[in-house]
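Enquirer: Turn this into a model:
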Amino acid sequence: MTDTDAERTRAAEGKEPAAPQSFARRRAVPAGRDGTPRSKVLVVGMDGLRHDRLVRPATHAPVLHGLLAGGAHGTSLLPYGEADGQAEGGPWTSMAYTDSGPGWSSVLTGVWPDRHGVTGNDFAGADYARHPDFLSRAALARPGLRTAAAVSWPELVHRGVLGPAIGRRVHHDGESDGYARADGLVARTALRWLTEDDPDLVFVYFGATDEAAHATGPLSAAYDHALLTQDTHLGRLLAALDARPSGERWTVLVTTDHGHLDTGGHGGDTRAEREVFVVLAEPGTPAGTRLDSPQLVDIAPTVLDRLGIPVDPDWGLAGQILPGPVTPPTPGTPRTPTEKGAIRR
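Expert: Next comes the predicted model:
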């Protein structure tokens, strides 16, 4: 039994999960000789989160609203979606269903389904050997980098979307234990990493919004509750970033994989199913910046760019690097998107 499986067993038994083993700890590297902070990145995925439900009054998601107001964000339409919805035998009018398999594969690899091969949640045809996730690329490009991923949809690990080159991969089982419980365990795992260890790149996945949308639709009270809970998890992670030592500069990205019909469900080609968003928050970004149609495949090259890892053209990434802050980091400037003084007005 691996350490990840042991954590899942403890969770199923209702016991307090053990803290994950620390990264190979070494003395924290100070800021550069010129005082420039070390760049680090947190990416948070919220499954099936419709943008129109996100931008309602701030009480529904106050933390996300703070990032929207203080950072950059935008929407785009997925370049795929099956006209027949969940047509049997695979999609035939488009390159993929608007499902989580293709969506998170696109986020993590930086290429669309016609390249990574995933057209639905069966993951048939996946080619992660040629198109690995951005955490694996970062770890291989810079071996000393500490990478970690915590997810509540175990398929992201079982199917190889998140590859073995990642320093820490922890999955809790939202499919068997329910996503509300599994998301809570994911949040606690990531919180430990951010408070007790020294990660450079962290990916966190929450799935309760998608579960609620499938059960009662995205216009329901259950969906609102799932969104608010995930927003609370995000707030705890951002607070942990603010409490970290000086000498760091954090970029935070938040995104989703697909939308939902009003009645719940996805896979098709309607706007409600295809619309996705990207939130980009980092010190020096003017408040309320609108990104020009950011796409899911833009996240991978943006993460690598913020870590100072050149994007190799041979990788064939389909996305573009999202615009960086207008104010370069200097000694004494805020280190995280939510630290006092980080928002430019």
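
Enquirer: So what touches stretch 212-224?
Expert: Residues outside stretch 212-224 that contact it (Cβ atoms under 8 Å, 6 or more residues apart in numbering): 48, 50, 53, 60, 209, 225-226, 259-265. All C-beta spots, glycine's among them, are computed from the backbone N, C-alpha and C.

Enquirer: and H60, what pLDDT?
Expert: Note for H60: predicted pLDDT of 88.

Enquirer: picking that back up, just the buried residues of the contacts of stretch 212-224.
Expert: Buried residues within the contacts of stretch 212-224, counting neighbours by 16 or more other Cβ atoms under 10 Å: G48, R50, R53, H60, T209, A226, G259, H260, L261, G264, G265.

Enquirer: Please look at the fifth one and G45 and confirm they touch.
Expert: Spelled out, that is T209. No - between T209 and G45 there is no contact under Cβ atoms under 8 Å: 10.5 Å.

Enquirer: remind me which residues of the protein are low pLDDT?
Expert: Along the chain, the model assigns pLDDT under 70 to residues 1-35, 85-87, 327-345.

Enquirer: So which residues of it form strands?
Expert: Taking DSSP state E to define them, one finds strands in the chain at 38-46, 72-77, 147-151, 168-171, 201-206, 248-255, 275-281, 289-290.

Enquirer: For the third one, buried residues please.
Expert: Of the residues in strand 147-151, those buried by neighbour count under the rule 16+ other Cβ under 10 Å are T147, A148, A149, A150, V151.

Enquirer: now the end-to-end length of stretch 265-273.
Expert: 8 Å (Cα to Cα, to the nearest Å).

Enquirer: cool, and stretch 109-121?
Expert: For stretch 109-121, the first-to-last residue distance is 16 Å (Cα to Cα).

Enquirer: Could I get the buried residue list for stretch 49-61?
Expert: By 16+ other Cβ under 10 Å, the buried positions in stretch 49-61 come out as L49, R50, H51, R53, L54, V55, H60, A61.

Enquirer: same thing with stretch 119-139?
Expert: 119-121, 123, 126, 128, 131-139.

Enquirer: Among these, which one lies nearest to D177?
Expert: N121 (18.8 Å; Cβ to Cβ).

Enquirer: Excluding chain neighbours, give the residue nearest to that closest one in space.
Expert: Leaving aside its sequence neighbours, N121 sits nearest to G101 (Cβ to Cβ, 6 or more residues apart in numbering; 4.3 Å).

Enquirer: wait, what's in contact with the closest residue to R137 other than its chain neighbours?
Expert: Of all residues not flanking R137 in the chain, L304 sits nearest, at 6.5 Å (Cβ to Cβ, 6+ apart). Residues in contact with L304 (Cβ under 8 Å, 6+ apart) are F134, R137, A138, A141, P310, V311.

Enquirer: closest to G174 among those?
Expert: Of all the contacts of L304, G174 sits closest to F134, with 22.5 Å by Cβ to Cβ.

Enquirer: Select the longest helix from this protein.
Expert: The residue-count maximum for a helix in the chain (DSSP state H) belongs to helix 221-242.

Enquirer: Specify the angle between that helix and strand 275-281 in degrees.
Expert: Counting by axes from the mean of the first three to the mean of the last three Cα atoms, to 10 degrees, helix 221-242 lies at 20 degrees to strand 275-281.

Enquirer: mind listing what's buried in helix 221-242?
Expert: For helix 221-242, a neighbour-count test (16+ other Cβ under 10 Å) marks 222-224, 226-227, 229-231, 233-235, 237-238, 240-241 as buried.

Enquirer: again with stretch 189-196
Expert: T189, A190, L191, R192, W193, L194.

Enquirer: Same check on stretch 177-190?
Expert: Neighbour counts over stretch 177-190 (16+ other Cβ under 10 Å) mark 177, 179-190 as buried.

Enquirer: could you dump these to CSV with distance to V170?
Expert: As requested, the buried residues of stretch 177-190 are exported to CSV (distance: Cβ to Cβ, whole Å):
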residue, distance to V170
D177, 14
Y179, 15
A180, 18
R181, 15
A182, 11
D183, 13
G184, 13
L185, 9
V186, 8
A187, 11
R188, 10
T189, 5
A190, 9
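
Enquirer: quick one: which two of these are the most distant?
Expert: The largest separation in those, counting by Cβ to Cβ, is between D177 and A190 at 17.3 Å.
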